[in-house]
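K.L.:
Below are the sequence and a predicted model; questions follow.
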Amino acid sequence: MTTSAEPKAVLITGASSGIGEATARRLAEIGHRVLLGARRTDRLAALADELRAGGGFVAYRELDVTSLDSMQAFSAAGLREFGRIDVLVNNAGVMSLSPIADLRIAEWEQMIDVNLRGVLNGIAAVLPQMQRQAAGQIVNVSSVSGHRVDPTAAVYSATKFAVTALSEGLRQENRDVRVTVVSPGFTQSELTHHGGAAEARAAAHAAAEQLAIPASAIADAIAFAIDQPANVDVNELIVRPTAQA
Ligand code: NDP
């Protein structure tokens, strides 16, 4: 195990697969204390057991980021467990690709609820504690789709553009709190496994199969931002496959 310069108490949403799981692995490996959150607690329990067996300080708790109550309970559990909250990684997200004209309104609402409301709930749940500490860091996982719009991805992109705007406002207003946006490109995960129009999902899945970088590449970027000295705030990192357009 390599040890981080300063072990931190880190809360991770969406830690049951993909980028969240890889981030939990990386942060636990370098000595940070992590609280894992997601709805699939069987996955979280297995991951927590594995990381503890490797010497990690890891706890988990069921979390639905679309519920402010659930997010606040998650934050309170982190505070009880660690005595402070140094970092929240707002990673949970869903992507349902379809042309706007398909009017898949329930999927639009789900993306807004998880990708945008979920990030706001995360901020609401930890910001008061970080203000009391006069220190903290919020890492919001956006996307290359938070920088460019492609057909079938308009609503997903809209939620991710919103995350960037929100992060910049948060940063400007809270000088004690570091704010980092990490924007992945195609990354190996379960993101393209569900939702959206079949044709659009198949196209995204095929592109991901061909290009995707391992989730550990994004985890490394998150670890890099967290491990900077307190007076250094890495505001944005875009990490994509070299061959991605
Ligand atoms: P995965 O589908 O593998 O992981 C998504 C995670 O979000 C899961 O752990 C899932 O857990 C969690 N989640 C979904 N809904 C909720 C909810 N309501 N409450 C709590 N957790 C929830 O995909 P990725 O790892 O790829 O996604 C992580 C982030 O990365 C997302 O924000 C995504 O938009 C972003 N991203 C991914 C890219 C990629 O190519 N993979 C590219 C750009 C950005 P559970 O179902 O157990 O609740």
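P.N.:
Good, I have the coordinates. Only a predicted model underlies this, so the values are computations on that prediction, with no experimental measurement involved.

K.L.:
List the contacts of the strand ranked longest in the chain.
P.N.:
Longest among the strand segments of the chain by residue count, using DSSP state E, is strand 177-184. By Cβ atoms under 8 Å, 6 or more residues apart in numbering, the residues outside strand 177-184 that reach it are 19, 127, 130-131, 135-144, 146-147, 160, 163-164, 167-168, 170-171, 218, 221-222, 225, 228, 230, 233-240. Yep, even glycine has a C-beta here, placed from its N, CA and C like the rest.

K.L.:
how about 6 Å then?
P.N.:
Contacts to strand 177-184, defined as Cβ atoms under 6 Å, 6 or more residues apart in numbering, come from residues 130, 136-144, 146, 164, 167, 170-171, 218, 221-222, 225, 233-234, 236-239.

K.L.:
and those near the ligand, which?
P.N.:
141, 143 (Cβ under 6 Å from any ligand atom).

K.L.:
Could you tell me which of the contacts of strand 177-184 belong to strands?
P.N.:
136-141, 236-239.

K.L.:
Please enumerate the helices of this protein.
P.N.:
Using DSSP state H, the helices of the chain run over 18-29, 41-53, 68-82, 105-111, 118-133, 154-173, 198-211, 215-226.

K.L.:
how many degrees apart are the third one and helix 118-133 in direction?
P.N.:
Counting by axes from the mean of the first three to the mean of the last three Cα atoms, to 10 degrees, helix 68-82 points 40 degrees away from the direction of helix 118-133.

K.L.:
Convert helix 68-82 to PDB, retaining C-alpha atoms only.
P.N.:
This file holds the C-alpha atoms of helix 68-82, laid out as PDB (Å, rounded to 0.1, in the frame of the first residue of the first chain):
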ATOM      1  CA  LEU A  68     -32.100  14.700   0.400                       C
ATOM      2  CA  ASP A  69     -33.000  12.700   3.500                       C
ATOM      3  CA  SER A  70     -31.000   9.700   2.300                       C
ATOM      4  CA  MET A  71     -28.000  12.000   1.400                       C
ATOM      5  CA  GLN A  72     -28.100  13.700   4.800                       C
ATOM      6  CA  ALA A  73     -28.200  10.400   6.600                       C
ATOM      7  CA  PHE A  74     -25.200   9.300   4.500                       C
ATOM      8  CA  SER A  75     -23.300  12.500   5.400                       C
ATOM      9  CA  ALA A  76     -24.200  12.100   9.100                       C
ATOM     10  CA  ALA A  77     -23.000   8.500   9.000                       C
ATOM     11  CA  GLY A  78     -19.700   9.700   7.500                       C
ATOM     12  CA  LEU A  79     -19.300  12.200  10.300                       C
ATOM     13  CA  ARG A  80     -20.100   9.600  13.000                       C
ATOM     14  CA  GLU A  81     -17.600   7.200  11.400                       C
ATOM     15  CA  PHE A  82     -14.700   9.600  10.800                       C
END
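
K.L.:
Spit out the contact partners of the residue positioned nearest the centre of the chain.
P.N.:
Centroid-nearest residue in the chain: N91, 1.2 Å away (criterion: Cα atoms, centre = their mean). Taking Cβ under 6 Å, 6+ apart as the criterion, N91 is in contact with 13-14, 19-20, 141.

K.L.:
Pretty sure G56 sits against E29.
P.N.:
No - in this structure, G56 is not within contact of E29 by Cβ atoms under 6 Å, at 7.1 Å.

K.L.:
and these two? which has more neighbours close in?
P.N.:
A count of neighbours by other Cβ atoms under 10 Å puts G56 above the other of G56 and E29, at 21 against 18.

K.L.:
can you tell me which residues contact that one?
P.N.:
Contact analysis of G56 by Cβ under 6 Å, 6+ apart lists A28.

K.L.:
per-residue confidence at it?
P.N.:
pLDDT, G56: 98.

K.L.:
related to what we said a few turns ago, and the longest strand of the chain, which strands flank it?
P.N.:
With DSSP bridges as the test, strand 177-184 is paired with strand 136-141 (parallel), strand 236-239 (parallel).
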